[in-house]
Structures are given as structure tokens and as C-alpha cells.
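[1] Below is the sequence, then the predicted model.
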Amino acid sequence: METATQEFLEIKDIREGVLILKNNNIRGVLMVSSTNFALKSNEEQSVIVYAYQNFLNSLDFSCQIVIQSRNINITPYLDSIKNLVDKQPNDLLKAQTSSYGEFIKELVHGDNIMTKNFYVVVPYTLTEILGVKAALSETSFFKSFSKSKDKKQQMKDEDFEKCKNQLWQRMEFLAMGLKRCGLDVIPLTTPELIELFWSVHHPSEAEVGYYPEILPELLK
């Protein structure tokens, strides 16, 4: 008996930029820029460390930092160089541009240059809305899900809206703290989350810049 790949994933749905897990907990994902700490002056480094220390001390909830590494994809850049070569009227400049493109291609291929993306995963659970008493109750909302035969049972819209609003507040709080450290932060949208998780499970295709078309009904 064949089992669909989705059965092995913890994600049940992606809705309005929010990951809904099979246990009906939700997650938001922030993409965070990097900074070259080693090139900063001693004073700048101290400021960053102090800001990051204050950021960590201000958290009253858990979060997860994820670093994704993969071979750099320069296909679009090489394509743009090829277009410049085709449009270049000067033969000498055309030869130099073509030579530059080959140099970049060999440089990346030979040195196996990697690119890194940084993410912060922000959690929220319905128990934080219902309270600890409801979470521990034998007749609680979650017990009904654990005993439910319908594994695809959806979180109520009302509960989803409550959790989503609280999740966004956490994400905004995290974003402000990280920006004080000199980092840029953006929340991932539904299509960006779909592409992210698709690339995690299809690294070879993602490294060459291939991503499948996302159906319109999945963008809600």
C-alpha cells in the first residue's frame, strides 16, 4: 500500500502566510538577513552583541533559528551575461563579456560556493488562547482531535483568527528586536512558504532555479 508523501509531513495546511500543523499548532516564518560581524569595528560589534543580548532576554516564548545552506544558483546571472554578449555590438567587448561569464561559471563550479538563508520559526498554540486548564482537561479541544478518526479535521475559523493575530504580534515583536541588531526581517507569504518547503524536499531542482507553478487556489 502506497502512502502519500504528505502523510510524513507535519504540515497540514498553509493559510494566509501561516503554517498549520497536524496537531493544529501554528507557525510563522521570518526570513532574516545576515551581517558580516568580523568586518565590524570593536565598537560596532559590542553594540550588536548588546542588542542581541537584550533581544534574547526580552523573549517570553520559544522560537527556532534555521540556517539553510545550498550550492549557489547563478543561472539567472549567467543568462543575463549571455544576453549582454548577444546585444554587444563591439567584438572586443563581446569577447571580454563572454570570457567573464565563463570565468564566473568555472569559479562557482570549481569552488562549490554555498549560499545561506536564515529563518526564524515562530510558534503559537491554541492552548495559549484556551489556557492551561483547558489544555490539561480530559475533555479539552485537543483530546477531541486526538481521538478523531478524521485526520483532516480543520481548526475552526474563529480559533485560527485568534491564533493568527497573536502569532503576528509575536512576529512583529521578533522583527523589531532583530532590526535593532542591524538585520532586515520579512515574514514569508503563502507562496514563499510553499516554495521554501518544496525546495527543502527538492534541493537539486531548487539549486538550478527550478520551482513548480503554484496553483492560484493555494495562494490564499
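    Sure, I can see it.
[2] Need the single longest helix in the protein, by residues.
    helix 157-179 (DSSP state H).
[3] so what does the helix or strand that that one is followed by touch, helix or strand wise?
    The helix or strand immediately downstream of helix 157-179 is strand 185-187, counting by DSSP states H and E. When contacts are defined as 3 or more C-beta pairs under 8 Å, 6 or more residues apart in numbering; DSSP states H and E, strand 185-187 sits against strand 26-32, helix 157-179. In this view, the C-beta of every residue, glycine as well, is placed from N, C-alpha and C.
[4] Direction included, what does strand 185-187 pair against?
    Strand 185-187 sits in its sheet next to strand 26-32 (antiparallel), going by DSSP bridges.
[5] hmm, who's touching the strand it pairs with?
    Under the criterion C-beta atoms under 8 Å, 6 or more residues apart in numbering, residues 17-21, 117-125, 160, 163-164, 167-168, 170-171, 174-175, 178, 183-188, 192-193, 196 lie in contact with strand 26-32.
[6] which of the helices and strands packed on strand 185-187 sits most buried?
    Comparing the helices and strands packed on strand 185-187 by mean neighbour count (mean count of other C-beta atoms under 10 Å), strand 26-32 comes out on top with a mean of 21.
[7] and the angle for that one with helix 157-179?
    Using axes from the mean of the first three to the mean of the last three C-alpha atoms, to 10 degrees, the inter-axis angle of strand 26-32 relative to helix 157-179 is 20 degrees.
[8] Where do the domain boundaries of the chain fall?
    The record's domain split for the chain, according to automatic domain parsing, is 5-70+116-207, 73-112.
[9] And the last one, what's buried?
    Of the residues in domain 73-112, those scored as buried under the neighbour-count criterion (16 or more other C-beta atoms under 10 Å) are 74, 81, 85, 97-98, 101, 108.
[10] Identify, from the residues you listed, the entry nearest to residue 63.
    residue 74 (32.1 Å; C-beta to C-beta).
[11] From residue 96, how far out is the nearest residue to that closest one once chain neighbours are set aside?
    Using C-beta to C-beta, 6 or more residues apart in numbering and skipping the chain neighbours, the partner closest in space to residue 74 is residue 108 (5.6 Å). Taking C-beta to C-beta, to the nearest Å as the measure, residue 108 falls 19 Å from residue 96.
[12] go on, residue 161?
    58 Å.
[13] Quick check, residue 88 in contact with residue 101.
    No: using C-beta atoms under 8 Å, residue 88 is not in contact with residue 101; the gap is 11.5 Å.
[14] was I right about residue 190 contacting residue 17?
    Yes: contact status for residue 190 versus residue 17: in contact at 5.4 Å, counting by C-beta under 8 Å.
[15] got the contact list for the longest strand along the chain?
    Longest strand in the chain, counting residues (DSSP state E): strand 114-124. Contact with strand 114-124 is made by 25-34, 61-73, 163, 166-167, 170-171, 174, 178, 185, 188, 196, as judged by C-beta under 8 Å, 6+ apart.
[16] And the strand or helix carrying residue 198, how far out from the chain middle?
    If you go by DSSP H and E, residue 198 is part of helix 190-201. How far helix 190-201 lies from its chain's middle: 8 Å, per C-alpha atoms, centre = their mean, to the nearest Å.
[17] Which other helices and strands does it contact?
    strand 11-15, strand 26-32, helix 203-207.
[18] Make TSV out of these and add distance to residue 42 and mean pLDDT.
    Shown next, in TSV, are these (distance: least, C-beta to C-beta, whole Å; pLDDT from 0 to 100):
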stretch	distance to residue 42	mean pLDDT
strand 11-15	44	88
strand 26-32	24	95
helix 203-207	38	71
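[19] Cheers, nothing more for now.
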